[in-house]
Structures are given as structure tokens and as C-alpha cells.
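Peer 1: Next come a sequence and a model predicted from it.
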Amino acid sequence: MKEKNITKNGKVMGRPKIVIKADQFEYLCSIMCTEEEIAGIFQCSVDTICNWCKEHYGLTFSEAYKNFSAQGKMSLRRFQFRMAEKNAAMAIWLGKQYLGQTDKQEVSIAAKDDETLKEMEKYFESRKEKNS
């Protein structure tokens, strides 16, 4: 939103001042909009958003964003946990992300006959001897 700069005698001077509402800015951060998206919504430049954050919060955009996006992350995490109760894929994904779980695949080599197996053992033994 833009506000006109009006002097005492009623004349308009300079370009209109950009008005950024703190509650709107905080909401946009909470739904994890990017800096460019926030600037687009307020119809201003990214630099204007950065300067406004310094003036309004005494923080850089990154610091302010980190504070206000935390609420959105909590909401998303809460939704994912509810979803995991009904969706096995989500439960598996969350287990991998937060619990360090992994998909383990066992690999086994099967030989067609004993002769092939003996040849493979000889090959690997000879490789060990060469590397020693």
C-alpha cells in the first residue's frame, strides 16, 4: 500500500511512501513466503523490505524471518504428525528425518554352481594378495 507525501501547503511531494503492516508481514513469514514474494505483495523492492525490518524490528530480514517463520514450521510439523497417523509413507519419511531411520537393502551374490563360486573366491583372494 502506498501513502501520499503531502506537505503543509497541501502539495504532493516525492514518491508515495510504502506502507508495510507488521501483522501482514509476520503472517507472510509464518506461511514461509520468500523475501521476493513478500516484496511483491507489498509492491516494493526487496531492499525496501530489508530497510523496513531494520527500522521496525531492529533486525535484518533474515533474523526477522527466522523469528516469524518458526510458527509456520511448527504448524507444518504438527500437520505432518497428524498425517503420519493415517499415511504410512509420511510416517516413514518422518522417521527418516527425525529418528535417523534408513532403508537398508541387503545385497547377496548368488552363483549358479559351485564351480563359479570357487572361481569368484580365487579372484577375490588374488586381489587381496596384490593389495597387501
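Peer 2: In hand now; what should we look at? Since the model is a prediction, treat every value here as computed from it, not as a measurement.
Peer 1: what are the phi and psi values for Thr102?
Peer 2: Note on Thr102: backbone dihedrals following degrees, to the nearest 10 are phi -140, psi 160.
Peer 1: Check Lys17 too.
Peer 2: phi -80, psi 130.
Peer 1: So it versus Phe42, what's the distance?
Peer 2: Using C-beta to C-beta, to the nearest Å, Lys17 is found at 12 Å from Phe42. The C-beta positions use only the backbone N, C-alpha and C, and glycine is treated the same way.
Peer 1: Settle it for me: which of the two has more neighbours?
Peer 2: Per other C-beta atoms under 10 Å, whichever of Lys17 and Phe42 has more neighbours is Phe42, with 20 against 10.
Peer 1: Contacts only, for the residue nearest the centre of the chain.
Peer 2: The residue lying closest to the centre of the chain (C-alpha atoms, centre = their mean) is Met32, at 8.6 Å. When contacts are counted by C-beta atoms under 8 Å, 6 or more residues apart in numbering, Met32 is found next to 69, 72-73.
Peer 1: what's the spacing between it and Phe68?
Peer 2: 10 Å.
Peer 1: Could you do Ile20 as well?
Peer 2: Ile20 sits 13 Å away from Phe68, going by C-beta to C-beta.
Peer 1: quick one: low-confidence parts of the chain?
Peer 2: Within the chain, the ranges that satisfy pLDDT under 70 run 1-8, 10, 12, 109-112, 132.
Peer 1: What ranges does this structure have for its helices?
Peer 2: In the chain, the segments counted as helices under DSSP state H are 22-30, 35-41, 46-57, 61-84, 88-99, 114-131.
Peer 1: where do the contact lists of Lys17 and Phe42 overlap?
Peer 2: Common neighbours of Lys17 and Phe42 (C-beta under 8 Å, 6+ apart) do not exist.
Peer 1: Nearest to Met13 among the helices of the chain would be which one?
Peer 2: helix 46-57 (18.8 Å; C-beta to C-beta).
Peer 1: Check which helices and strands that closest one sits against.
Peer 2: helix 35-41, helix 61-84 (3 or more C-beta pairs under 8 Å, 6 or more residues apart in numbering; DSSP states H and E).
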